[in-house]
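Enquirer: quick check, what structure comes out for this input:
(3 chains)
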Amino acid sequence: MTNKKKWLALPYFVWMVGFTLIPLVLIAVYGLTERGSGAFTFSNVLSIFQEEHLRALILSLVLSVICTLVCLLIAYPVALILRRAKVKKSGFVIFIFILPMWMNFLLRTYAWLNLLDDGGLIFTALKALGFQGNIIGTNGAVLLGMVYNYLPFMILPLYNSLTAIDDQVLNAARDLGANERKVLTRVIFPLSFPGVVSGITMVFVPSLTTFVVSDLLGGRKILLIGNIIESEFSIASNRHVGAGLSLVLMIFILISMAILNHYDKTGEANAI
Amino acid sequence: MERPIITLDHITKSFDGQMVLDDLSLDIHENEFVTLLGPSGCGKTTTLRIIGGFETPDRGRVFFEGADITGLPPYKRELNTVFQKYALFPNLNVEENIAFGLKIKKKSKDYIRDKIRYALKLVNLDGYEKRDPSSLSGGQQQRIAIARAIVNEPKVLLLDEPLGALDLKLRQDMQYELIRLKNELGITFVYVTHDQEEALTMSDTIVVMNQGYIQQMGTPEKIYNEPENAFVADFIGESNIIDAVFVKDEVVNIFGVNFPCVDKGFGVNRPVDVVIRPEDVDLLPAGQGLLEGTVTHLIFKGVHYEMEVTTANGYEWLVHSTDMFPVGEKVSIHVDPFDIQIMNKPQSEDEEAIGVDE
Amino acid sequence: MKKLASFFGKAWLALVFVFLYAPIVTLIVYSFNEGKGRKWAGFSLVWYERMLHSSAIGDAVVNTLSIALLSALIATVLGVISCIGLSALKGRAKAVYMSINNIPLLNSDLVTGLSLMLVFVAVGLSFGYSTVLLAHISFNVPYVILSVMPRIRSMNQSTYEAAVDLGAKPIRAFFAVTVPEILPGVISGFLMAFTMSLDDFIITHFTKGPGINTISTLIYSEVRRGIQPSMNALSTVMFLSAILLLILTNVIPKDRRVKQKAAD
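Expert: Residues are numbered from 1 along each chain as shown, chains lettered A, B, ... in the order given. Sure, this is the predicted structure:
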């Protein structure tokens, strides 16, 4: 019975080989070969050191790291507050934090233009306070768009890991002499660590590779590494360079995945 | 046992309009093993949590060594709790769990190391320092939870159904372990359980609770032998609880037959409840005792036989005896006067509510 | 002290709430704007009318919804079947299987989209509806497996065995016992897949041909010249129907439960 049953896993395995593994291999193949001749080369990958590419990568890294930190700083208190709220209510509150994701994300991001661009509500308010210049087209606007889009990805894993903490464990810490601050630093922080790591990856990866947010709020002035790869594929149509740069990006993604994997395992072992 | 170390003074507590504790007062003395015993929802755990500082009473005060600690947060109280499901820190190993309280009090490394060694020896788990709590059995986790509490040298240890999650054999072993621990440490234990056998085995004093009231408080012997009302009689051990009439001092009429007893002062011809423990019912051949009946049920229980004897009015007496009477045999019931426990009938509606519900 | 903390807590939640909803509210408000610019020119339903008359929007809506529905359905069937197969696998094989399954979840959508594009180029598929559908199925199955697998793992094996013991054939036992037990996971997996497909832009962007648009890619194509407010109207309609759907699915079962309780 069991022996026959396991063959049911085969069709999707074939699918995964065709649509997950081979595609990734193809990226490597394109990234490591020359356009036209198909000869092996590192030049596509090394083109990351061209000034424009390098600048875009560094800007992407800086913005996505800041975005991840800002999301963490906003989301952690939110998750803590939701954890303390009564269970009945928190279902509704979580709903409220997921709901924005039901609005098309391009439009949601584009809507910031209405607030930030010349004539928008926030622009007008800032101008009244003596602010000069544009908001749209700055790194700040792109950062805001990133935080706005990826914040829910930080809140959910944090909330999940915080609500999984047993109240009795916190009471045990209080009983052993920990005041509220120490309960937070010695028990809640360490126990929520798997959630923090998973939230960080879920925000860091898409914000590192985005090209949409910078397209929408960058006013065509901000080039992220995502924009460069996207245009290599769609406009310049040099897929080999695009794939080579994707390989560079994947190194960063793999690093964050490896970190996640490591902590996920310890997290699971602890949860039992 | 002179001065109380903990005093609960007219504590009232309700959750969502549901009264859990109603004007409860209780003294707990130094070096005493006190057990709060009752069915679930009787308020025993709430009482413990109020002592521990995890709940604040709506009314009333809590005193510790004479000082009012009602509003004091748990981390400032000189007592420690062993939680129902251990509540070990899952991210810390055994050693770090035990050291938690000491590190917060900023004790020296040497002191902490000695304490860990001492505590682990005390709970028979030396060598487990580096283990992960999740790799331990329930009984071992419970010992770690106890070790984690006692290294802080609390004057009172609160235990919230600590053996509830363990299997029967382990539970019995841990009962002896706890008694030994208490004797070695010489501190006060306040113990919450719904298991009457646990309470009888370990306690110096048992507080029987139901529906937010203390039903009776006393030594295990007193609670068992002289229950003050039908609830206590029914909750502690098995018993025959019978509607009877107190004819006059030292005479009680059970099912139309006058039985001699030792109680006095219940008035004349007043309805009372009578408790007779199954092992106190003596069976004699028909005609030789006070009340005639027929054996209707018989089970061999190892130490004794359990029989049901039905008397003329249809009441089924529960009898434990080493003498066997087969089903269908006519027998005669005899009870020694000092084995008959007389209790007042519940008077008010409030007390009626206390009544037997299990 | 506690009150103060609770006040700051509520204020923080409110701020984050405003941050998340400000653009959405603006968008909804502008969908009723008579004019096209940022100036309020008076209330009007003109953009809703334009939306209804635009064939580009109509096509995009049909494509988006049909791709979401089809890909979620196929992914659910594929996912459930492989979960059952997976439950019979053990150890290393299972671990490898699961980590390949997790790749699209953890990988960047950009890389996933690009890599699928390269595969379709390599095979020689012409880009269009079918390539988008294949891509959507690919990134949807992991969500289904993720929500069905825990159900299967926690399933009580003996109920299935009891059904077989009582004379049911394995297939019958599967539908009588296993299906009802994993159904909540299947449904939530389906809904998750549907939502992900509906909301996807990046992967669709790289796997669609020139002649076809979903709502997301249609919006993106308008970014350069300025997005038409009829898009705001469309999004408002979709957003509100999503809320309505959520309320219906959440309130009605509860209502029934209450009524059942009352009947008891």
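Enquirer: what about the closest residue to A:Leu191 other than its chain neighbours, distance to B:Pro337?
Expert: Leaving aside its sequence neighbours, A:Leu191 sits nearest to A:Ile165 (C-beta to C-beta, 6 or more residues apart in numbering or on different chains; 5.1 Å). To be clear about C-beta, it is placed using only N, CA and C from the backbone, and glycine gets the same treatment. The spacing between A:Ile165 and B:Pro337, counted by C-beta to C-beta, to the nearest Å, is 60 Å.
Enquirer: tell me which of those two has more neighbours.
Expert: Between A:Ile165 and B:Pro337, counting by other C-beta atoms under 10 Å in any protein chain shown, A:Ile165 is the more crowded of the two (16 against 13).
Enquirer: where does the more buried one land in three-state SS?
Expert: A:Ile165 falls in the coil class when you classify it by DSSP: H, G, I helix; E, B strand; the rest coil.
Enquirer: residues touching it, list them.
Expert: By C-beta atoms under 8 Å, 6 or more residues apart in numbering or on different chains, the contact set of A:Ile165 is A:83, A:187-188, A:191-192.
Enquirer: what does the stretch 51-200 of chain A have sitting close to chain C?
Expert: A:74, A:77-78, A:81, A:84, A:93, A:95-97, A:99-112, A:114-115, A:117-121, A:148, A:151-152 (C-beta under 8 Å from any C-beta of the partner chain).
Enquirer: name the nearest residue to the residue of the stretch 1-150 of chain B found nearest chain C, sequence neighbours excluded.
Expert: Residue nearest to chain C within the stretch 1-150 of chain B (C-beta to the nearest C-beta): B:Pro73, separated by 10.8 Å. Nearest residue to B:Pro73 in three dimensions, chain neighbours excluded: B:Gly53, at 5.9 Å (C-beta to C-beta, 6+ apart).
Enquirer: let me see the confidence value for that neighbour.
Expert: On the pLDDT scale, B:Gly53 is placed at 91.
Enquirer: pLDDT below threshold where in the stretch 151-272 of chain A?
Expert: Low-confidence segments of the stretch 151-272 of chain A (pLDDT under 70): A:236, A:260-261, A:263-272.
Enquirer: how about the helices in it?
Expert: All helices of the stretch 151-272 of chain A, identified by DSSP state H, counting those that start in this stretch, fall at A:167-175, A:180-182, A:189-191, A:193-209, A:212-217, A:225-234, A:239-271.
Enquirer: from these, which stretch is densest packed?
Expert: Neighbour counts (mean count of other C-beta atoms under 10 Å in any protein chain shown) averaged over each of the helices of the stretch 151-272 of chain A peak at helix A:212-217, with a mean of 27.
Enquirer: that helix packs against which elements?
Expert: helix A:105-116, helix A:139-163, helix A:225-234 (3 or more C-beta pairs under 8 Å, 6 or more residues apart in numbering or on different chains; DSSP states H and E).
Enquirer: at 6 Å instead, please
Expert: On a contact count with 3 or more C-beta pairs under 6 Å, 6 or more residues apart in numbering or on different chains; DSSP states H and E, helix A:212-217 meets helix A:105-116, helix A:139-163.
Enquirer: generate a PyMOL selection restricted to the buried entries among the contacts of A:Ile165.
Expert: Typed into PyMOL, the line below selects the buried ones among the contacts of A:Ile165, using 16 or more other C-beta atoms under 10 Å in any protein chain shown:
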select buried, chain A and resi 83+187+188+191+192
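Enquirer: and the contacts of A:Ile165, which two are the farthest apart?
Expert: A:Arg83 and A:Val187 (12.6 Å; C-beta to C-beta).
Enquirer: and the nearest residue to B:Val62 once chain neighbours are set aside, how many residues sit next to it?
Expert: If the residues on either side of it in the chain are set aside, B:Val62 comes closest to B:Thr70, at 4.9 Å by C-beta to C-beta, 6+ apart. Per other C-beta under 10 Å, the neighbour tally for B:Thr70 reads 16.
Enquirer: tell me the secondary structure for B:Gly71?
Expert: Secondary structure state of B:Gly71, per three-state DSSP, is coil.
Enquirer: ok, B:Gly71 - contacts?
Expert: Shown in contact with B:Gly71 (C-beta atoms under 6 Å, 6 or more residues apart in numbering or on different chains): no residues.
Enquirer: on that earlier part again, from A:Ala173, how far off is the residue nearest to A:Leu191?
Expert: A:Ile165 sits 11 Å away from A:Ala173, going by C-beta to C-beta.
Enquirer: and the pLDDT for the residue of the stretch 101-250 of chain A found nearest chain C?
Expert: Chain C sits closest to A:Ala111 of the stretch 101-250 of chain A, with a gap of 3.5 Å, by C-beta to the nearest C-beta. Reading off the confidence values, A:Ala111 has pLDDT 87.
Enquirer: I figured it hits C:Thr26, correct?
Expert: Yes - the pair A:Ala111 / C:Thr26 is scored as a contact, 5.2 Å apart, by C-beta atoms under 6 Å.
Enquirer: so between these two, which is more surrounded?
Expert: Legend: neighbour count by other C-beta under 10 Å for A:Ala111 and C:Thr26, higher for A:Ala111 (27 against 20).
Enquirer: any idea how far the more buried one is from C:Leu20?
Expert: Relative to C:Leu20, A:Ala111 is positioned 12 Å away (C-beta to C-beta).
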